[in-house]
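*Asks:* I'd like to go over a predicted model; first the sequence, then the structure.
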Amino acid sequence: MSQTYRIAFVGFGNVGHALARLLQQKSQTLSERHSITWRLTGVASRSLGWLADPVGLDVPHLLAGMPHSPEPRRLA
């Protein structure tokens with residue numbers, strides 16, 4: 001049985017970027033070995049503001065510094 005975790009980051013600087021990259025790199029291992037999948041559903045940072053999407057944000061776009069597409073919900 002697979003477990004999906006919805007993750008939100010408070011802060012998306014060096015540590016947030018590194019964690020997002022690590023999760024992307026280890027997604028297949030997490031799924032195969034531990035039946036874990038994940039979605040980044042929220043990010044709060046000084047530069048991005050608050051972004052939230054229950055379906056999941058576009059992690060590669062966020063890591064590249066581009067806004068999420070389609071337009072995320074801005075909560076603040």
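*Replies:* That came through, no problem.
*Asks:* phi first, then psi, for the residue nearest to the spatial centre of the chain.
*Replies:* Here the mean C-alpha position of the chain is nearest to the C-alpha of L40 (CA atoms, centre = their mean), at a distance of 2.7 Å. L40 has phi and psi values of phi -90, psi 110 when expressed as degrees, to the nearest 10.
*Asks:* mind checking pLDDT for it?
*Replies:* L40 is assigned 96 on the pLDDT scale.
*Asks:* host element of the closest residue to it other than its chain neighbours?
*Replies:* Once its chain neighbours are removed from consideration, L40 has its nearest residue in L57; the separation is 4.9 Å (CB to CB, 6 or more residues apart in numbering). Every C-beta, even on glycine, is put in place using the N, C-alpha and C of the backbone. Assigned by DSSP states H and E, L57 belongs to neither a helix nor a strand.
*Asks:* which of the residues in the helix or strand where L22 lies are buried?
*Replies:* Secondary-structure element containing L22, defined by DSSP H and E: helix 14-34. Taking 16 or more other CB atoms under 10 Å as the neighbour-count basis, helix 14-34 is seen to contain the buried residues 16, 20, 23.
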